[in-house]
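1. Task: produce atomic coordinates for the following.
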Amino acid sequence: MTVELIPVRDDERETFIRNLQAAFKKAAIEEGFGGDEVISREDVIATCDAAGTQMLNIVRAGVIVGGAVVVIRPNNRNELALLYISVEHIGEGIGAAAWRAIEARYPQTEVWETMTPYFAKRNLHFYINKCGFHAVEFFSPRHPSPEADEDLPDGEYGFRFEKVMSK
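-> Numbers count the residues shown, from 1 in each chain. Purely as a prediction, here's the structure:
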């Protein structure tokens, strides 16, 4: 499967945010965490407006099927801040294709980092088994994340992953 990564235009920003929130909400419901807002609009905007951030639509056959937010840093230690697949396209292999496209788009990256909440079993499978990340840190009340309320939906439990890129 082939996907394209196309920068989000200003007039697509609100749709991107709504679609991301819908995908995160669906995942939380599937994991038994109810339908409350999983990631706030304010948190998405803060992430998207951070230095070095690029918002990308994931496009398959001319249709936007997801999105990603990456943070590209001068030290080549980059971050996958957010990744979502549109609700109607989950399970079609788009996520793995998108990750391959992200790696290809940023070949200078030495290390990729990302985080996910502890309850997101699908994310754990995806990052470890499909994308080659390794869990390098587990956040909990005894070992809180430096950005506790900002990067994990419940503010307490989650994993930090890294993928060291071979040169």
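2. got a list of what G32 touches?
-> G32 makes contact with F119, according to CB atoms under 8 Å, 6 or more residues apart in numbering. C-beta here means a position set from N, CA and C on the backbone, and glycine is covered the same way.
3. if I look at it, how far off is F159?
-> Using CB to CB, to the nearest Å, we find G32 at a distance of 18 Å from F159.
4. try T47
-> Taken as CB to CB, the span from T47 to F159 is 18 Å.
5. Comparing these two, which shows the higher neighbour count?
-> Counting neighbours by other CB atoms under 10 Å for T47 and for F159 shows that F159 has the greater number, 22 against 19.
6. hang on, the more buried one packs against F119?
-> No: judged on CB atoms under 8 Å, F159 makes no contact with F119 at a distance of 10.6 Å.
7. Not counting its neighbours along the chain, what's nearest E31?
-> Ranked by CB to CB, 6 or more residues apart in numbering and with sequence neighbours excluded, the top spatial neighbour of E31 is F119, at 4.8 Å.
8. what kind of secondary structure is I17 in?
-> helix (DSSP: H, G, I helix; E, B strand; the rest coil).
9. Low-confidence regions, this structure specifically.
-> Residue ranges of the chain with pLDDT under 70: 33-37, 147-155, 167.
10. how about it, which residue sits the furthest from its center?
-> Using CA atoms, centre = their mean, the residue of the chain lying farthest from its centre is R142. It sits 25.0 Å away.
11. From I45, how far out is that residue?
-> Distance of R142 to I45, computed by CB to CB: 31 Å.
12. next one: P107
-> Using CB to CB, we find P107 at a distance of 29 Å from I45.
13. Repeat that for F119.
-> F119 is 24 Å from I45, where distance means CB to CB.
14. And these two? Which one has more around it.
-> Of the pair F119 and I45, F119 is the one with more neighbours under other CB under 10 Å, namely 17 against 12.
15. give the contact list for that one.
-> Neighbour list for F119: 28, 31-33, 157 [criterion: CB under 8 Å, 6+ apart].
16. what does Y84 give?
-> Y84 neighbours (CB under 8 Å, 6+ apart): 19-20, 23-24, 66-68.
17. Now name the helix or strand holding it.
-> strand 77-85 (DSSP states H and E).
18. Show me how far the helix or strand following that strand is from its chain's centre.
-> Sequence order places helix 94-105 as the next helix or strand after strand 77-85, per DSSP H and E. Its chain's C-alpha centre and that of helix 94-105 lie 12 Å apart, by CA atoms, centre = their mean, to the nearest Å.
19. Name the surrounding residues that touch the helix or strand following helix 94-105.
-> Sequence-wise, the next helix or strand downstream of helix 94-105 (DSSP H and E) is strand 111-117. Applying CB under 8 Å, 6+ apart, the contact partners of strand 111-117 are 76-81, 83, 103, 123-124, 127, 133, 145, 151-154, 157-165.
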